[in-house]
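K.L.:
Sequence and predicted structure are below.
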Amino acid sequence: MDLHFFSLSQLELRSRVAGLGKKENSLSAAIFSRHYKYTVTGMLNGEVRVWRLPTSPLYHHKEILLHTFSYHTREVEHIIMGKDYRTIISSAIDLYVCFLSL
């Protein structure tokens with residue numbers, strides 16, 4: 001599964017996160033930061049992944065996985081990113097809420 005980010009103001013593909021897993025490890029939630037610098041994905045297996053997205057046309061479609069957090073035991077349902085883009089709050093079906101700091 002791939003995750004595509006489009007710019008609505010410019011009507012163009014901004015970035016793509018490819019290969020987000022097989023059926024048992026598929027994407028369940030996602031959020032991206034302002035100006036498309038970062039995206040955070042929640043997975044069915046409980047992982048929360050932080051990706052840096054390309055900012056240069058030379059590296060278009062070249063995302064980099066920065067962190068993988070494995071604190072949840074079940075599907076991630078919600079992700080919130082703080083205004084500082086360094087704080088992430090996630091909740092999952094396992095009834096846990098995690099506060100993550102980059």
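P.N.:
In hand now; what should we look at?
K.L.:
Ignoring the adjacent residues along the chain, who's closest to residue 34?
P.N.:
residue 85 (7.9 Å; Cβ to Cβ, 6 or more residues apart in numbering). (C-beta placed from N, C-alpha, C; glycine too.)
K.L.:
doesn't residue 37 make contact with the one you found?
P.N.:
Yes. Contact status for residue 85 versus residue 37: in contact at 7.3 Å, counting by Cβ atoms under 8 Å.
K.L.:
Quick one: low-confidence residue ranges for this structure.
P.N.:
1-25, 35-36, 55-62 (pLDDT under 70).
K.L.:
The closest residue in space to residue 33 that isn't next to it in sequence in helix, strand or coil?
P.N.:
Excluding its sequence neighbours, the residue lying closest to residue 33 (Cβ to Cβ, 6+ apart) is residue 85, at 5.0 Å. Three-state call for residue 85 (DSSP: H, G, I helix; E, B strand; the rest coil): coil.
K.L.:
What's the local residue count around residue 85?
P.N.:
If you count neighbours by other Cβ atoms under 10 Å, residue 85 ends up with 15.
K.L.:
and what of the one 4 residues further on?
P.N.:
Burial measure for residue 89: 14 neighbouring residues, criterion other Cβ under 10 Å.
K.L.:
what's the closest non-adjacent residue to it?
P.N.:
Nearest residue to residue 89 in three dimensions, chain neighbours excluded: residue 80, at 4.5 Å (Cβ to Cβ, 6+ apart).
K.L.:
who's in contact with the one you found?
P.N.:
31, 88-90 (Cβ atoms under 8 Å, 6 or more residues apart in numbering).
K.L.:
For my notes, please list these in a markdown table and give secondary structure for each entry.
P.N.:
Formatted as a markdown table, those follow (three-state DSSP):
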| residue | secondary structure |
| --- | --- |
| 31 | strand |
| 88 | strand |
| 89 | strand |
| 90 | strand |
